[in-house]
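# With the sequence up front, the predicted model follows.
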Amino acid sequence: MLATIDISTSAIFKRLLFVTILLVLAVLAYNSRDAIGVFIMAGFIALAMHGPITKLQTYMPSNNRKLAAMIGFLVVGFFVSVIIALIIPVMATQVRELALQAPGYLQDLSSGDNLIATWMQSLDVVGNFQNFLSNVSSSLTISIDLIINLVNRVVNNIITFLFTIVLSFLMVVEGPDKIRQIKQLMPKQSESTIAVLMPKMYRAVTGFVAGQLIITSIAATTTLILLIVFGVPAPLSLAAVIWVTGLIPLVGNTLGAVIVIAVALSQSIFVGILLSIYYIIYQQIENNVFEPIIQSRTIQMTPLYVIVSAIIGVFAAGFIGALIAIPIGASIKIVFDYFTESSEDRVTASEEQTTPEN
């Protein structure tokens, strides 16, 4: 028995047009990924600043939101500037000292009769390291093109940073009015959905920020105590490094730990080894205990969802993805749970209506 499928030309054309539009949008999104990243980062900063600025607004003359936003951003900018001033000089000095002393450390380690020295001698670690340094120094030739590329990259990063800050400031100032205007344009039947979803999604973002601040503050405090006990120089600056890098979920403290350990190694190999052991243990505790538990309570996500969201964000968009993956995952979960529960409620109500009364 033969069956015929009748598909109109207009239906085929509509589907091809739909697929073509999706492909065009995907290409545009890929080519505009840097600009999209700026908008996403600015939106994330605006959401994080919205709550404190709204509270500060109540103390301003005539309830001036723009003045409150200016004060809020200036305070945050001052705080960031202090952290940078603490970090950069120490990093430059300690990295230079470590680079100068590294060959001597390796020579001392390989000159003994212990297992590590035997292993280093068999692999000729010192010789390979010296060859590596000589290759690096010979390849670092200063040229006009290198200088131009470096200056262009620095200028582009500065411009991107300024655009992000200005855009987030405007979002904070004009955001509430724009949201109210958008709500007025939307269908009446969507008002109840928006009224339920928007506050939950906002709490997810602010809860993530609060949770991440708690986690990175714990890491920075424990680091500060250990550095003071071990006598590592500039403990406050190194604790600030841990605090800043710890804002990145899951992998942030590892990045900061590498810097702290490098500085400690420039002073003492023994202290560097002890700090390495500590950070290996602490990272496991943070990733599997602190972060999932704190974030699951602040943004109402299970530890599994937190870890999966963070991993997807890191591989999808790098640094920016790592910062925004968890609140985005929480927002998606909120929307999914809402419509799932609504569907179940509609099904239950339909079943109750069709059930005959006794």
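On my side now, so go ahead.
# Below-threshold pLDDT in the stretch 251-358 of the chain: ranges please.
For the stretch 251-358 of the chain, the stretches with pLDDT under 70 are 291-304, 316-320, 322-323, 342-358.
# ok, which stretches of it are helices?
252-265, 269-285, 291-298, 303-354 (DSSP state H, counting those that start in this stretch).
# For the second one, which outside residues touch it?
In this case it means helix 269-285. Residues from elsewhere that reach helix 269-285, judged by C-beta atoms under 8 Å, 6 or more residues apart in numbering: 105, 108-109, 219, 222, 226, 230-232, 253-254, 257, 260-262, 264-265. Bear in mind the C-beta positions are built from the backbone N, C-alpha and C, glycine included.
# now these: which count as buried?
By neighbour count, with 16 or more other C-beta atoms under 10 Å, the contacts of helix 269-285 hold 105, 109, 219, 226, 230, 232, 253-254, 257, 260-262, 264-265 as buried.
# What distance do you get for residue 334 to residue 217?
26 Å (C-beta to C-beta, to the nearest Å).
# and those two? which has more neighbours close in?
Remark: of residue 334 and residue 217, residue 334 carries more neighbours, 21 against 14, as counted by other C-beta atoms under 10 Å.
# any idea how far residue 73 lies from residue 84?
According to C-beta to C-beta, residue 73 and residue 84 sit 16 Å apart.
# out of these two, which sits in the more crowded spot?
residue 73 (18 against 12).
# is it true that residue 325 touches residue 308?
No - applying C-beta atoms under 8 Å as the test, residue 325 and residue 308 come out as separate, 9.2 Å apart.
# For the two, work out which one has more neighbours and name it.
residue 325 (24 against 15).
# coming back round to it: which pair in the buried ones among the contacts of helix 269-285 spans the largest distance?
Pairwise distances across these peak at 28.8 Å for 109 and 219 (criterion: C-beta to C-beta).
# Throw the buried ones among the contacts of helix 269-285 into TSV and include distance to residue 272, thanks.
Shown next, in TSV, are those (distance: C-beta to C-beta, whole Å):
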residue	distance to residue 272
105	9
109	11
219	18
226	12
230	10
232	9
253	17
254	15
257	11
260	9
261	5
262	8
264	4
265	4
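# Backbone torsions only: list them for residue 266.
When read as degrees, to the nearest 10, the backbone of residue 266 gives phi -70, psi -10.
# That one: neighbour count?
Neighbours around residue 266, by other C-beta under 10 Å: 22.
# try residue 83
Using other C-beta under 10 Å: residue 83 sits among 15 other residues.
# Mind telling me what element it is part of?
helix 65-110 (DSSP states H and E).
# Give me the distance between the nearest residue to residue 186 once chain neighbours are set aside and residue 206.
Nearest non-adjacent residue to residue 186, counting by C-beta to C-beta, 6 or more residues apart in numbering: residue 194, 6.9 Å away. Noted for residue 194: a distance of 18 Å to residue 206, by C-beta to C-beta.
# which of those two has more neighbours?
Neighbour tally, residue 194 and residue 206, criterion other C-beta under 10 Å: the higher count belongs to residue 206, 19 against 13.
# Which phi and psi values does the more buried one adopt?
Dihedral pair for residue 206: phi -70, psi -30, per degrees, to the nearest 10.
# That one touches residue 48, doesn't it?
Yes - look at residue 206 against residue 48 with C-beta under 8 Å: they come within range, at 6.7 Å.
# Flag the shaky bits of the stretch 1-150 of the chain, pLDDT-wise.
Applying pLDDT under 70 to the stretch 1-150 of the chain flags residues 1-8, 11, 90-92, 94-146.
# let's see 80
For the stretch 1-150 of the chain, the stretches flagged by pLDDT under 80 are 1-15, 18, 22, 25-26, 28-38, 40-41, 44, 47-48, 80, 83-150.
# where does residue 311 sit relative to residue 236, distance-wise?
Counting by C-beta to C-beta - residue 311 and residue 236 are separated by 32 Å.
# for residue 308, same thing?
In this view, residue 308 and residue 236 are 36 Å apart by C-beta to C-beta.
# and if you look at residue 46?
Distance from residue 46 to residue 236, by C-beta to C-beta: 30 Å.
# More neighbours: which of those two?
residue 46 (21 against 12).
# and the more buried one, what does it touch?
When contacts are taken as C-beta under 8 Å, 6+ apart, residue 46 is in contact with 168, 171-172, 175.
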